[in-house]
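> no letters, just coordinates:
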């Protein structure tokens, strides 16, 4: 066959390729020009995330004595051929043979195994045995060694450019988000570019590397540390053939896992549908867009429009349900305000220790964990200082930089709780090296929610980590407090300051009162 391919390729001065399945049957014959071949759709051999290889060998001719080109290796990676072979044609007969196949993860970080033979008769490679071993190794990398699928493995991608973009700290936060979603980070990338690629965001070359690494490391998903446009999401997904998410979708996924109450579940579903609606543009394969006449819509477009209509109807239904919940919350707030009970809300960046402080102040057992968005649904408890002295303390969902507007809109019923607050306790994780930028992010969100008119108390939490390092926090302002919600350090002072803010002139510490009773 190699001799026949070489003879015809030399005669017509064009590259010729054959795609052969594992039974040795020729599935397709493709004719290119003198320099390259444009491959058609592979049909049922199109690679998928489930099958690591597409089951085809790609054997083609080269007319200029060149080895495997970058285009050849890109086809090998993106289309996941079992093997790619280039036959050098000299005077109508086959000469050198160049071969390559993909490699699983290895200490040398090699992505391909490249082989070369002086002649087709010198090839020393048993394809049938080798391809089975290679596929088994890829499968083993993606499992726990017992043939069972482990947690989803992902690749994280950030892009730093002249206009800003990702940094080491934002990538650390993205990794924490992934950990909160019970994902395993196989590898993380931070690419520097002068400007973003409008099509692939990171460029086709970097995407090629990502595809290879996703196969080697058994990754099922690629997550970007930015918001992807619908077009970018589609083109990257099509090229990478693995699930592609952006930062906003990851946040929505974390919220979906954390939501337990009816209100939380409704709000997360609404935010997810609002985010996905403009991305509903894929038609079922094989359905035509155009039928009889000009302007007519085919079954593919009709099916898409039906899907969009269903999503819009569901969004309208969810918005009505959330409005009902908002009305119920408003009624409870009205009754509470009628009794004149002050409200104090704890706000802050996610994982700053809000739930831990809330539990310490109210003797509650709200879930608190060292992970982002451990608490999603707001919780309120009454705190008493003594006869006639009580306030309602509310634990709220954590904030995060660039919070998706869909989430802000969907959680408006929850955010309305903050409107009625008499005091906001802005809790900050002082042990975080980027706490200043986190403060700025929280303040920006409060401004977007029109809550800047409510008095704020800035409280730096986790100061026990500073004390462990021998650093004594210096309180240089009466408006700033250092506490440790974990150990209870300085919490009594915090209570005193809260009381002084909501009841001017009242200081329970000077009355020798103990920590407040809890109802």
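Ah, there it is. Bear in mind that the values here come from a model prediction, so they are computed numbers and not experimental data.
> C-alpha only now, for contacts and for neighbours.
OK.
> who does the longest helix seen in the chain touch, helix- and strand-wise?
The single longest helix within the chain, with elements called by DSSP state H, is helix 299-338. With contacts taken as 3 or more CA pairs under 8 Å, 6 or more residues apart in numbering; DSSP states H and E, helix 299-338 sits against helix 262-276, helix 412-419.
> the inter-axis angle of the longest one versus helix 299-338?
In terms of direction (axes from the mean of the first three to the mean of the last three CA atoms, to 10 degrees), helix 262-276 departs from helix 299-338 by 140 degrees.
> now do the buried residues in the helix or strand residue 75 falls within.
When elements are assigned from DSSP states H and E, residue 75 belongs to helix 70-79. By 16 or more other CA atoms under 10 Å, the buried positions in helix 70-79 come out as 72, 73, 74, 75, 76, 77, 78, 79.
> the closest residue to the fourth one other than its chain neighbours and residue 62, how far apart?
What that stands for is residue 75. Nearest residue to residue 75, sequence neighbours excluded (CA to CA, 6 or more residues apart in numbering): residue 81, at 7.7 Å. The gap separating residue 81 from residue 62 is 18 Å, by CA to CA, to the nearest Å.
> before we move on, back to that, which helices and strands does the helix or strand just after the helix holding residue 75 pack with?
Where DSSP H and E defines the elements, the next helix or strand beyond helix 70-79 is strand 83-90. If contacts are counted by 3+ CA pairs under 8 Å, 6+ apart, strand 83-90 sits against helix 2-12, strand 56-62, helix 70-79, strand 93-102.
> ok, strand 83-90: who's next to it in the sheet?
Using DSSP bridges, the strands paired with strand 83-90 are strand 56-62 (parallel), strand 93-102 (antiparallel).
> deepest-packed of the ones you listed, please.
Ranked by average neighbour count under the criterion mean count of other CA atoms under 10 Å, these are headed by strand 56-62 at a mean of 25.
> okay, which residue is most central for this protein?
Residue closest to the average C-alpha location in the chain (CA atoms, centre = their mean): residue 250, at 3.6 Å.
> show the pLDDT at the closest residue to residue 74 other than its chain neighbours.
Spatial nearest neighbour of residue 74, chain neighbours left out: residue 208 (6.6 Å); criterion: CA to CA, 6+ apart. pLDDT for residue 208: 80.
> what's the local residue count around residue 208?
17 (other CA atoms under 10 Å).
> tell me which element it falls in.
Element membership for residue 208 (DSSP H and E) is helix 204-216.
> so how far is that helix from its chain's centroid?
Offset of helix 204-216 from its chain centre (CA atoms, centre = their mean, to the nearest Å): 17 Å.
> name the surrounding residues that touch the helix or strand following that helix.
Next in sequence after helix 204-216, counting helices and strands by DSSP H and E, comes strand 221-224. For strand 221-224, contacts defined as CA atoms under 8 Å, 6 or more residues apart in numbering pick out 152-158, 214, 242-247, 250.
> what comes up buried for the helix or strand following strand 221-224?
Remark: after strand 221-224, the chain's next helix or strand is helix 230-240, criterion DSSP H and E. Residues 232, 233, 234, 236, 237, 240 are the ones in helix 230-240 that count as buried (16+ other CA under 10 Å).
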